[in-house]
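> Structure for this input, please:
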Amino acid sequence: MTADSTARFLVPVGEPTALAGETAMKLPGHDLFRNYVYNIHVIPSKIDVERFKAALSKALARYPHTAGRLLREGDDWKIDLTNSPIPVLVSWITPNASELSESYPFPNEFNIQPGNLTQPFFNSEDCGKVLVPGDATDPLLGFKLTIWENGTAIGISWCHTCGDAYSLWEFTRCLSAYYVDLDAAESALPPAPSFYRHFFRSPFSRGSDASDLTENFLPRMPHLAKDYDLTPLWQKYGAQDAITNQVQLRISGESIEKILNLAKAEVPPNSEGVKITPSDALAAYLIKVLNQSQGKPMDTVILILNYRGSSKDPSTVTTFNAPSAQGNVIMVMYSDPLPPSSASSVSALAHFIRTTVNQARDHKFLEKWMSWASYLLGKSANAGPEGRFQFFGPLDGEVSINSNYRTDWNDAHFGFPGKARFFTSWSTMNYFRIFCANPRPDGSTASNGASDANICVHVHKDYAE
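As a prediction, the model looks like this:
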């Protein structure tokens, strides 16, 4: 992809900001994910660059932490609220006629695309793979607009320290709303963000010790027990990629409804009152298919959970899990061992998943789990001058579920509802990533009122067919 011309802009933060008067945002250990998240939103029109810059300036005023800089002082971390301008690269291109298709700039409409295809659409000049402490010049957010005759790819580079996928989703919807209407009413915007970053009480101050971690919590977070320098970490992911093939699926909303009804048809022992969701049923179905394809059942399910608004106690919802919290309000939770009898039962698997989710979101359990997780993540980030990193890929016999099925990224449509498309990259072995599907050529994304799903997973080459 060769550019006809390029430009680089620095977009200022609008005034006043939502954090006016604040100088820094202190960060707990569980916010120290220092990799970038890379997303692409494609619209079927040339974007108005000046209008985009004006919209971005307004969105930055509402989410000013994204215009800060990550700093480490000893073992303490913070986002310095510098209100630094955000870099936006613009590239005007003329695709070859042979390249153009309904799915351009990618070969198909699946949300997950190979990294070598997505990389040209990101601002790699300003935003690298990982932020290391001590370099206060790296932005936490960057953009690249790639524009052709009848389309634009909006590439977003977002440092995970700013927040998790839900935080980015809300920011992007805000940016889209301002692009549609620079004077957008509050009702057209996502809820006003909360910038409170919760410091969970140290497990040692609760009277816990290493035995509490080893016996009660490490079985549910074994990935946090070991950390790596960056080079061996990439090698570990690369080793999984070398023995797997990527598999992509589109499952219709109508089929998901049938899977949900199947999951509800039977109630396993001790599961009375457990309410199954479409996401639970879909995850259970995928695990069943994986079990069948590999000829052996998975023994552990790893759930990536958003715990915003997870408590029925209003006082706790306003502290560490506000519905509009900007931050990493997530947990990567390992289940108890899967009962072998559930391997081929969608109903048993779905109930097992929902029971695990309910346990994870129990307020008392969540506080204890997160206090240990935050401690371990902070300990790794503070190990050595550049910090160390955990490996988040499943091992043999483990399966991860990272579902965005309830979060439609195409809600950020930049004035093209039903026509905007969303893309990102990365999955790994036995790691299911689930999204609301991109629109079909006729603009539809649902069947019988239920959203279609796109699924990506890497499966061992022996079973990928």
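> Spell out the secondary structure type for residue 99.
Assigned state for residue 99: coil (three-state reduction, DSSP: H, G, I helix; E, B strand; the rest coil).
> Near it, how many other residues are there?
13 (other C-beta atoms under 10 Å). Placement of C-beta: from N, CA and C, glycine included.
> got it, and residue 426?
Residue neighbour count, defined by other C-beta under 10 Å, stands at 17 for residue 426.
> is residue 330 in a bridge, and if so with what?
residue 306 (DSSP bridges).
> My guess is it contacts residue 305. True?
Yes: the criterion here is C-beta atoms under 8 Å, and residue 330 meets it with residue 305 at 6.3 Å.
> For residue 322, which residues are in contact?
194, 196, 308-309 (C-beta atoms under 8 Å, 6 or more residues apart in numbering).
> Helix, strand or coil: sort out it for me.
Under three-state DSSP, the three-state class of residue 322 is coil.
> Would you mind measuring from it to residue 198?
Residue 322 sits 9 Å away from residue 198, going by C-beta to C-beta, to the nearest Å.
> next one: residue 309
The value you get for residue 309 to residue 198, if C-beta to C-beta is used, is 14 Å.
> Compare those two and say which is more crowded by neighbours.
residue 198 (18 against 15).
> what's the burial count for residue 180?
16.
> At which residues are the helices of the stretch 1-150 of the chain located?
49-62, 115-118 (DSSP state H, counting those that start in this stretch).
> Could you dump the ones you listed into JSON lines and include mean pLDDT, distance to residue 76 and mean neighbour count?
JSON lines is the format used below for those (pLDDT from 0 to 100; distance: least, C-beta to C-beta, whole Å; neighbours: other C-beta atoms under 10 Å):
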{"stretch": "helix 49-62", "mean pLDDT": "98", "distance to residue 76": "25", "mean neighbour count": "20"}
{"stretch": "helix 115-118", "mean pLDDT": "95", "distance to residue 76": "34", "mean neighbour count": "14"}
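> what two of the contacts of residue 322 have the greatest distance between them?
196 and 309 (13.8 Å; C-beta to C-beta).
> most centrally placed residue in the protein?
Central residue of the chain (C-alpha atoms, centre = their mean): residue 165, 3.4 Å from the mean position.
> Sketch out the low-pLDDT regions of the stretch 51-200 of the chain for me.
Within the stretch 51-200 of the chain, the ranges that satisfy pLDDT under 70 run 133-136.
> So which residues of it form strands?
69-73, 76-80, 86-93, 141-148, 151-159 (DSSP state E, counting those that start in this stretch).
> Distance of residue 33 relative to residue 390?
Relative to residue 390, and taking C-beta to C-beta, residue 33 is found at 9 Å.
> how about the contacts of residue 322 in CSV, adding distance to residue 400?
Formatted as CSV, the contacts of residue 322 follow (distance: C-beta to C-beta, whole Å):
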residue, distance to residue 400
194, 28
196, 28
308, 20
309, 23
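> Restricted to buried residues, select those in ChimeraX.
Selecting the buried subset of the contacts of residue 322 in ChimeraX, with 16 or more other C-beta atoms under 10 Å as the burial test, is done by:
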select :194,308
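> confidence score at the closest residue to residue 349 other than its chain neighbours?
Once flanking residues are discounted, residue 349 sits nearest to residue 284: 3.5 Å by C-beta to C-beta, 6 or more residues apart in numbering. On pLDDT, residue 284 comes in at 97.
> What are the buried residues along the helix or strand where residue 284 lies?
Following DSSP states H and E, one finds residue 284 within helix 278-294. For helix 278-294, a neighbour-count test (16+ other C-beta under 10 Å) marks 278-291, 294 as buried.
> by contact count, what packs against it?
Applying 3 or more C-beta pairs under 8 Å, 6 or more residues apart in numbering; DSSP states H and E, we find helix 278-294 packed against helix 253-265, helix 346-360, strand 398-404, strand 431-436, strand 453-460.
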